[in-house]
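J.: My questions concern the predicted model and sequence given below.
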Amino acid sequence: MAVSWIVALLFRPLRLLVLVKAMMPEIRRRYWPLWSANVIAMATNSVIPMRAGDVMMAFVLRQSLGVSTARSSSLVVVDRFFDFATVIVIFVSALSAAPTVAPWAANVTITLLAALALLVGGLWLVIRMRGLWMTLLERMLSRMNVQKAERLKSIGHELLAGLAQIESLKVVGPVLLFSICLWAMTIVSFWFGIRAVWPEASVMAAALAVGAVALSFAVPVAPGGFGVFHGAVVLALSLFGIPVEPALAFAIVAHAFQIGSVLVFGMIAMIWQGISIRSLATARGPRP
């Protein structure tokens with residue numbers, strides 16, 4: 001379980017490398033700054049709720065890659081979009097394979113598929129109609145101070161320009177492949193852990209647990225997902241006939257290990273990259 005989880009952490013930046021090549025072609029791609037940004041974001045989410053780590057990731061990428069906050073934010077948005085879309089597919093697929101039929105399953109499936117359609121459609125509209133959005137933004141800013149309006153227009157242009165780079169199938173294809181591989185490694189990690197307490201556990205049970213945990217973390221209200229992680233795991237595994245006691249035992253051990261590992265790696269990354277709150281607020285980052 002531990003090895004699979006760490007391999008997944010090491011694999012995750014490969015998807016970002018593909019996105020950086022497409023969205024920031026002038027930037028020299030480097031693995032370790034992207035890995036550092038990822039683990040620092042995960043560590044921050046483990047301490048501060050409401051996806052604060054994603055905001056931190058944008059600032060870390062700004063400093064380490066030497067790009068604007070708008071461009072680094074667009075990179076984070078796209079990266080998280082593919083995570084969320086992949087997790088929805090995993091959860092719905094695993095839920096359909098569960099031997100126990102839950103009364104809420106049909107409603108959840110419809111809701112998630114509708115959310116996925118809205119996400120994909122919304123991103124497509126943002127990309128395809130970016131000229132319209134920029135025109136509307138310029139009209140909204142026309143009454144503001146000229147200097148401030150120009151700065152906001154520049155931010156909007158950079159954000160939309162970054163998103164527009166993923167329109168090509170040559171970009172989407174590899175990113176989807178990396179997303180599938182990444183989440184497959186996470187499922188394998190859960191599967192090894194669950195089998196330690198319930199040897200008959202199937203891969204689909206692990207997949208449902210992964211999907212439930214990831215979806216419950218979409219807007220976490222508790223630091224590190226304490227309680228939410230455990231409840232999601234127990235509920236998901238119950239649909240595959242795994243009792244509460246072994247499911248909760250796995251959840252406690254897996255959650256402790258995941259939180260501990262990302263906190264340790266996050267501190268190492270911050271020290272290694274020379275990152276502090278002050279540097280994130282003031283530094284522009286190295287030039288490519």
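T.: On my side now, so go ahead. Keep in mind the model is a prediction, meaning the values are calculated, not measured.

J.: From now on I want contacts and neighbour counts done on CA atoms only, so please keep to that.
T.: OK.

J.: Any stretches of the stretch 1-150 of the chain with poor pLDDT?
T.: Within the stretch 1-150 of the chain, no stretch has pLDDT under 70.

J.: Check which helices and strands the helix or strand where Ala205 lies is in contact with.
T.: For Ala205, the host element (DSSP states H and E) is helix 203-216. On a contact count with 3 or more C-alpha pairs under 8 Å, 6 or more residues apart in numbering; DSSP states H and E, helix 203-216 meets helix 69-96, helix 169-197, helix 228-238.

J.: So for it, mean pLDDT?
T.: In this model, helix 203-216 has an average pLDDT of 95.

J.: How about residues contacting it?
T.: 84, 87-88, 90-91, 94-95, 97-98, 186-188, 190-191, 194, 228-229, 232-233, 236-237, 240 (C-alpha atoms under 8 Å, 6 or more residues apart in numbering).

J.: Now do it against helix 69-96, angle only.
T.: 140 degrees (axes from the mean of the first three to the mean of the last three C-alpha atoms, to 10 degrees).

J.: Now helix 203-216: buried residues?
T.: If you call a residue buried by 16 or more other C-alpha atoms under 10 Å, then helix 203-216 has these buried ones: 203-216.

J.: Now distance to Ile155 too, for those, in JSON lines please.
T.: Shown next, in JSON lines, are the buried residues of helix 203-216 (distance: C-alpha to C-alpha, whole Å):
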{"residue": "Val203", "distance to Ile155": "44"}
{"residue": "Met204", "distance to Ile155": "43"}
{"residue": "Ala205", "distance to Ile155": "43"}
{"residue": "Ala206", "distance to Ile155": "41"}
{"residue": "Ala207", "distance to Ile155": "39"}
{"residue": "Leu208", "distance to Ile155": "39"}
{"residue": "Ala209", "distance to Ile155": "38"}
{"residue": "Val210", "distance to Ile155": "35"}
{"residue": "Gly211", "distance to Ile155": "34"}
{"residue": "Ala212", "distance to Ile155": "35"}
{"residue": "Val213", "distance to Ile155": "34"}
{"residue": "Ala214", "distance to Ile155": "30"}
{"residue": "Leu215", "distance to Ile155": "30"}
{"residue": "Ser216", "distance to Ile155": "31"}
